Structures are given as C-alpha cells and as structure tokens.
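> Got a predicted structure plus its sequence, pasted below:
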Amino acid sequence: MEPIVAPATPMIPSERGVLRLSGDGVFSLVLARFRPEGAQLPASFRRWSGRGWFRCSKLQSLVPGSLWLFRGPNSPTGEDGAELHLPGIPHLIELMLGDLVAARARLATPGEFTRRAVRHGRMDLGQAEAVLALVRATDEREQAQAMASLTSGLARRVGELRARIQAWLIPLELQFDFSDQGLELPEDRGASAARRTILADLSALVATCSEAVHRAAVARVVLVGAPNAGKSSLFNALIGDAKAIESPIAGTTRDWLSGDWRCGSECIELIDTAGESGAQDSWERALSPARKAQAHGADLRLRVFDLRVGVPAIRPGELLVGTHSDLVSPLGGPTSEWVSVSSRTGAGLSELTKIVLDRLSSGARAVDASILVSARQARALSEAHEAFTRALLAAEQGLEPELVASDLHQSLSALAQVTGENARDDVLDRVFREFCIGK
C-alpha cells in the first residue's frame, strides 16, 4: 500500500518528536535521508534502530536523531514501517514532514495506522476501539478496562463462545442436510446442560462488559438481596422511573437493569439484579454469573432486605437497606452501615442518598476486571445473546432443527461483529474517524 506519514507525538516543544511511516517503499524513503552514526544497516533484519543524522531539503545542516525500522508482516501495522525520532521542535518536525510528503509519502488520515493494523490482522476491530478508549480514559477504572480489551480479553472470550456454539451447530446442520439419507446423530447426555452453560457464559460476558459511552466517569452502585426484598421498587424510586417490573411474586426480575441515579450534581449508575434465591434450577445457574459480575464491579453494594423478615448480617463492602419501613415499627435511625426506607412513601431515601455519597467519597473507586466495549460491540453482544436464547428455547420446545440453526447462525454472526470480522467499510469509517492522525 502507498506509504503514509504522520506525527506520532503532539506538535509542542518537547525533548523528542516522532514521525511515523508505514507502507510500501518506506525503507528507501527514509534511508535516502538518513546517515547512520556507526554500523551500516544489515542486509536482513526484522527490527533495526540506530542513531545518526537526517537530511532535510529545507535545512542546510543535518538533524541529529535516531531511526527505527520495522519489517512487515511483523510490524505494528503489518507493513514495512519506520519512526524518525527527532528533537521535539515543532517547526523542525513540520519541515521534515513536508519533505517526506514531497517525496511521495501521503499524510495519514485519522486512525489510518490502526486501520492498516486491523486490515493486516495485527489486531481486531475491538482492540482498535480499545486503543481509542485507552486514549480517552479519564480514570483508573477506564484504563484497566481498556487494557483488558486491548490485550485480547474480549476477543479470546468471544472466540471460545463461537467455538462452543459451532460445536452445537455443525451436527445439527449435518442432521437436516442429510435427512434424506436417514442420518441421525445421537445427542450427548450432557448436551442440554452444556448449552445452558453457554447461555450463562454469554450472559456473564454481556454483564461484565461496560459500554464505552463518552461521558464522565460515574460510580456504580448495585442492588443485591433475596427475591421480593423490594429491590425493584427501590430501584424505580431512586431513578425516578418505573423501569423495573414491580410484583409481589418472588423472582420477577430475571435479568439486571441499569439506570441513572441523580444525587444533586452527582450521577450514579444504579444496577438492579435478580434476587439471590439460592435455588439450583437452570435459570438460577444461568443468572448467577451475570449477577456476580455486576456485584464484583460495584463501587458499593446495597444489600436490600424486607424489614418484616429480619435483618441480615453485614458483609464487607455493603450497606444494609431495609425496605417497607412504613409497615413496621422503627428500628433506630440511619447509620453508616444501615438505613431503612419506604419506596412507597419516600421515607429514608434522602438519608440513603447522603450515606451512599459519603461512602463513595470516603474510599477509592473499585477497579474491576470488566472489559470496556464500544456501543457497536455492546449492540452486537446483545444481539448474540438474544439469538442464542431463541435457539435454546426452540430446541427445548422441540421445534424444527432449521429454526434452531437459523438462530445459531444469527448469534455467531453477531459475535463476529464484536471483533469486526468482515466489517464493512462504512463501519470502519465510523470507528476510525474518531482517532487522531498519528494513531
């Protein structure tokens, strides 16, 4: 591909400024302007660096610096690449950049270096988005999450899920492709449990990943507790919206919900999770990983319980919140570890808000191992989860194998979108236009 060039460091006075190049003919382009200080460039190399002097057509004297060469396909972009490390004088960098452009190197577009790395398989699209998230990270949590994605944490987990789904799909398709020949493949006894495990792992991945929306970092508070303890009613009361389903039937909440809890000038991400029933049924096994992932990534957990039932033991990192205070006698005023509220009357909610803000401001924010994903990846993960859930229900209801296979294909296709396989040019354009020129 044609050679491209761009500054890889800010155009401000500094100790060092870097110009980055990638593409066909890069070596001859830079070596024509470089005189090494010591030994000449070896005939064969994968990576080479050396000090010396650079020539610039607009300058009469040579410029001291160092040259780094990277031979493709083992370079950062998968192409032949080079970096010119020069004194960090903005005018000098501009002159050298203009010299290289005049010699047939094109000025790179935003994100073009990373885009070429994706094109040549040096990273996937999800990792490219993690680079952008890392650059934009505003705190320790976001940095840790972006690094988890950048080091292939998401790609590895998605790849494992795809392999397990394909292991179900392949014999299923063989069965109906060769139905006219009477081919019947016996199903393993543990097949149903294995599929439920895939759903549980997919649910956990969706729960663990935090969407990388461009907003200020906020604290995360998670509601936990037994079924029918009043979590959903409290969730609705705190966010000011009937987002969670309220019902006297225990276990109504079968997933987790997220909402913005506005406390004065502060905005807290509030998570409502499914009740901890302690049952051993398939749904509880499927929901438990997602619930644990949400609780693990919380800055504070509110253990919600019904005051009419009894007060549970205090656990580290939690605040006890007793509900239905309007239906029982007072058990004492609020403390740093305890508060009673009524979601119906609003009693105690202001005290709860004050205690939560105090707890969050008194300690460092939790840094979890969540994987940061883009809005595009979040949608794809959600689509994969929904399609696999449909396939699982169709199989358990004994529907036609073709219908099951169709949903499995949709799930696999959505998972492929997470890492950007076969991404269309318009998708790539939307991703990389957010990058700076030197990335």
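Sure thing, it's come through. Numbers count the residues shown, from 1 in each chain.

> Name the nearest residue to Met1, ignoring sequence neighbours.
Once flanking residues are discounted, Met1 sits nearest to Gly23: 5.0 Å by C-beta to C-beta, 6 or more residues apart in numbering. Every residue, glycine included, has its C-beta placed from N, CA and C.

> To clarify, my last question referred to Arg390.
Taking C-beta to C-beta, 6+ apart, and ignoring the residues beside it in sequence, Arg390 has Asp407 as its nearest neighbour in space, at 4.5 Å.

> now Pro42
In space, Pro42 is closest to Trp48, 6.9 Å off (C-beta to C-beta, 6+ apart).

> again with Arg344
Using C-beta to C-beta, 6+ apart and skipping residues adjacent in sequence, the residue nearest Arg344 is Asp326, 6.1 Å away.

> shaky segments in the stretch 101-250 of the chain?
With pLDDT under 70 as the threshold, the stretch 101-250 of the chain has low-confidence stretches at 126-127, 129-130, 132-153, 175-190, 208-218, 242-250.

> which residue ranges form the strands in it?
Per DSSP state E, counting those that start in this stretch, the stretch 101-250 of the chain carries strands over the ranges 106-107, 210-211, 219-225.

> Most tightly packed of those strands?
Burial of those is given as mean neighbour count (mean count of other C-beta atoms under 10 Å); strand 219-225 ranks first at a mean of 24.

> follow-up on the earlier one: among the strands of the stretch 101-250 of the chain, single out whichever gets nearest to Ile268.
In this view, those are compared for proximity to Ile268 by C-beta to C-beta, and strand 219-225 is the closest at 5.1 Å.

> strands paired with the closest one, and their directions?
Strand 219-225 sits in its sheet next to strand 266-272 (parallel), strand 300-306 (parallel), going by DSSP bridges.

> Report the buried residues of the lengthiest helix in the chain.
When the chain is parsed with DSSP state H, its longest helix is helix 153-177. Applying a neighbour-count criterion of 16 or more other C-beta atoms under 10 Å, the buried positions in helix 153-177 are 153-155, 157-158, 161-162, 164-165, 168-169, 172.

> Redo those as a markdown table? Include distance to Leu360.
Below are the buried residues of helix 153-177 laid out as a markdown table (distance: C-beta to C-beta, whole Å):
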| residue | distance to Leu360 |
| --- | --- |
| Gly153 | 27 |
| Leu154 | 28 |
| Ala155 | 33 |
| Arg157 | 30 |
| Val158 | 33 |
| Leu161 | 34 |
| Arg162 | 38 |
| Arg164 | 39 |
| Ile165 | 39 |
| Trp168 | 44 |
| Leu169 | 45 |
| Leu172 | 49 |
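
> ok, which stretches of this structure are helices?
Along the chain, the stretches classed as helices by DSSP H are 26-31, 90-102, 112-119, 125-136, 140-150, 153-177, 191-208, 231-239, 282-296, 349-362, 375-396, 401-419, 425-432.

> which residues touch Asn119?
Actually, residue 119 is Arg rather than Asn. When contacts are counted by C-beta atoms under 8 Å, 6 or more residues apart in numbering, Arg119 is found next to Gly78.

> no, scratch that, I was asking about Leu202
Residues counted as contacts of Leu202 (C-beta under 8 Å, 6+ apart) are 161, 384-385, 388.

> and which of these is nearest Glu94?
The shortest separation between Glu94 and any of the contacts of Leu202 is 47.0 Å, and it belongs to Ala384 (by C-beta to C-beta).

> Name the nearest residue to that closest one, ignoring sequence neighbours.
The shortest distance from Ala384 to any residue other than its chain neighbours is 3.7 Å, reached at Ala414 (C-beta to C-beta, 6+ apart).
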